[in-house]
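S.K.: Next input, structure requested:
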Amino acid sequence: MIRITDAISIDESELSESFVRASGPGGQNVNKVSSAVQLRFDVRGSPSLPNDIALRLMRLAGKRLTKDGVIVIIAQQHRTQERNRQDARDRLFGLIRQAAVKPTPRRPTKVPKAQRRERLEGKKHRSTIKRLRSGKGWD
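M.R.: Sure thing, here's the model as predicted:
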């Protein structure tokens, strides 16, 4: 079990990793070694995530989410497979931690009367300036 927050733990079997050749740094090894990591996590099928967190996670995942509800994270920044693997996992766990934070609901507030009055006075002032420029005056 991988502990993400105090309330959320994910089983190792829920993550699937595949290693592919990376584009980027690697020198002569770039064409021989599969150092990039594709980490897949099935959000819809995960029994570890509560429904509300899963929905927020899918919204946060954006273009990394497939139609089937699987998050795919590709890590190829580092030269070694192990560092890319850790980077992909850290990014996934960061997304889950971010989704675990319940957003505070927005409470609509009224615009203060003084601010409304000030805005309207400003508009009135601009309109009189423009009216005076046209040469028609105060008719």
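S.K.: Quick check: end-to-end length of stretch 42-58?
M.R.: One end of stretch 42-58 sits 10 Å from the other (Cα to Cα, to the nearest Å).
S.K.: ok, now stretch 101-119?
M.R.: 37 Å.
S.K.: Assign the residue nearest to the spatial centre of the chain to helix, strand or coil.
M.R.: For the chain, residue 60 is the residue whose C-alpha lies nearest the centre (Cα atoms, centre = their mean; 4.2 Å). Under DSSP: H, G, I helix; E, B strand; the rest coil, residue 60 falls in the helix class.
S.K.: my read: it touches residue 97, true?
M.R.: No: because the distance of 10.4 Å does not satisfy Cβ atoms under 8 Å, residue 60 is recorded as not touching residue 97. Any C-beta I mention is one placed from the backbone N, CA and C, and that applies to glycine too.
S.K.: so for the helix or strand that contains residue 119, what's the average pLDDT?
M.R.: According to DSSP states H and E, residue 119 maps onto helix 113-134. Averaging pLDDT along helix 113-134 yields 93.
S.K.: buried ones in it?
M.R.: For helix 113-134, burial by neighbour count (16 or more other Cβ atoms under 10 Å) applies to no residue.
S.K.: which strands and helices sit next to that helix?
M.R.: Using 3 or more Cβ pairs under 8 Å, 6 or more residues apart in numbering; DSSP states H and E as the contact test, no helix or strand touches helix 113-134.
S.K.: any idea how far stretch 58-71 is from the chain center?
M.R.: Relative to the chain's own centre, stretch 58-71 is displaced by 11 Å; criterion: Cα atoms, centre = their mean, to the nearest Å.
S.K.: Give me the domain ranges for the protein.
M.R.: 2-100, 109-139 (automatic domain parsing).
S.K.: which one of the ones you listed has the most crowded surroundings?
M.R.: Most buried of those by mean neighbour count (mean count of other Cβ atoms under 10 Å) is domain 2-100; its value is a mean of 15.
S.K.: Could you give the average pLDDT over stretch 61-81?
M.R.: Averaging pLDDT along stretch 61-81 yields 79.
S.K.: end to end, how far does that stretch reach?
M.R.: Terminal residues of stretch 61-81 lie 23 Å apart, using Cα to Cα.
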